[in-house]
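1. this is a predicted model, with the sequence first.
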Amino acid sequence: MLDTVKLGRRPGSMRTVERVLKAPQRLGLDLIAIEEGSEIDLDLRLEAVSEGVLVTGSLRADTVGECSRCLEPFSDSVELTLTELFAYPDSATEETTEEGEVYHVVDDEIDLEPVVIDAVGLALPLRPLCSDDCQGLCPECGVRLAIAESGHGHDILDPRWAGLAAKFAVDSEPRKNLVNTNLVNTEAEEK
């Protein structure tokens, strides 16, 4: 909560505020978030305008997450810009907007928690990556491709042919000679 009494209501009056807050809960998304109790650095400017208090500034906090490709844990940080109007009680802005569209000044205080929660939720990526060039996991064996040997791969037999391959002990490599032999035999039968 920020007190706006010292700011006053005269349009144009301004005050700067620097705060370090503890995250009251885990803020973010399933795969990446600011952990509960982590520090959130706020560098804000409060400005009185005719309809309320305009809050602008920046937010910075450390994040922890799980890579959406390789599923490894990683840490990062989020930095974002805040710009939000907190409407005075009985102002034209409060009267002309619907419930939940604008934040409010209540008893000369503004509550930054919902603003921070909304801003962080919108700023964090839905599919976070541990690095931009993360290769992910092998779709066959699940090993992280970043630590797999070069040329990592698997011979894959089409499951529709697996029964025949097992019966005739045929390996999974296609044979060109068999195809050519079949063509020769087919041509000989036609003559």
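-> Looks like it arrived, so ask away. Residues are numbered from 1 along each chain as shown.
2. helix, strand or coil: sort out Lys167 for me.
-> helix (DSSP: H, G, I helix; E, B strand; the rest coil).
3. repeat that for Gly163.
-> Under the three-state scheme (three-state DSSP), Gly163 adopts helix.
4. looking at it now. What's its pLDDT?
-> Reported pLDDT at Gly163 in the predicted model: 77.
5. ok, it - how many residues close by?
-> 9 (other Cβ atoms under 10 Å). From N, CA and C alone the C-beta is placed, and that goes for glycine too.
6. ranges for the strands of the protein?
-> With strands called from DSSP state E, the chain shows them at 2-3, 14-22, 27-28, 32-34, 39-49, 52-66, 73-87, 103-104, 109-110.
7. list the helices and strands the second one packs on?
-> Going back to what we said before, that points to strand 14-22. The criterion is 3 or more Cβ pairs under 8 Å, 6 or more residues apart in numbering; DSSP states H and E, and the helices and strands that strand 14-22 contacts are strand 39-49.
8. export the strand it packs on as PDB, just CAs?
-> Extracted C-alpha coordinates of strand 39-49, given in PDB (Å, rounded to 0.1, in the frame of the first residue of the first chain):
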ATOM      1  CA  GLU A  39      12.400  -9.300  -3.500                       C
ATOM      2  CA  ILE A  40      10.600  -7.100  -6.000                       C
ATOM      3  CA  ASP A  41      12.300  -3.800  -6.700                       C
ATOM      4  CA  LEU A  42       9.900  -0.900  -7.500                       C
ATOM      5  CA  ASP A  43      11.000   2.500  -8.800                       C
ATOM      6  CA  LEU A  44       7.800   4.600  -9.100                       C
ATOM      7  CA  ARG A  45       6.600   8.000  -9.800                       C
ATOM      8  CA  LEU A  46       3.200   9.100  -8.300                       C
ATOM      9  CA  GLU A  47       1.600  12.000 -10.100                       C
ATOM     10  CA  ALA A  48      -1.700  13.600  -9.100                       C
ATOM     11  CA  VAL A  49      -4.000  14.100 -12.100                       C
END
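9. partners of it, with directions?
-> Here strand 39-49 has these sheet partners by DSSP bridges: strand 14-22 (antiparallel), strand 52-66 (antiparallel).
10. just say which of these is most tucked in.
-> Among the strands paired with strand 39-49, strand 52-66 has the highest mean neighbour count (mean count of other Cβ atoms under 10 Å), at a mean of 19.
11. list the buried residues for stretch 128-138?
-> 128-130, 134, 137 (16 or more other Cβ atoms under 10 Å).
12. name the nearest of the residues you listed relative to Gly52.
-> The closest of these to Gly52 turns out to be Pro128 (Cβ to Cβ; 34.8 Å).
13. for Arg26, see how far away the nearest residue to the closest one once chain neighbours are set aside is.
-> Taking Cβ to Cβ, 6 or more residues apart in numbering, and ignoring the residues beside it in sequence, Pro128 has Ile32 as its nearest neighbour in space, at 4.2 Å. Distance, Ile32 to Arg26, by Cβ to Cβ, to the nearest Å: 10 Å.
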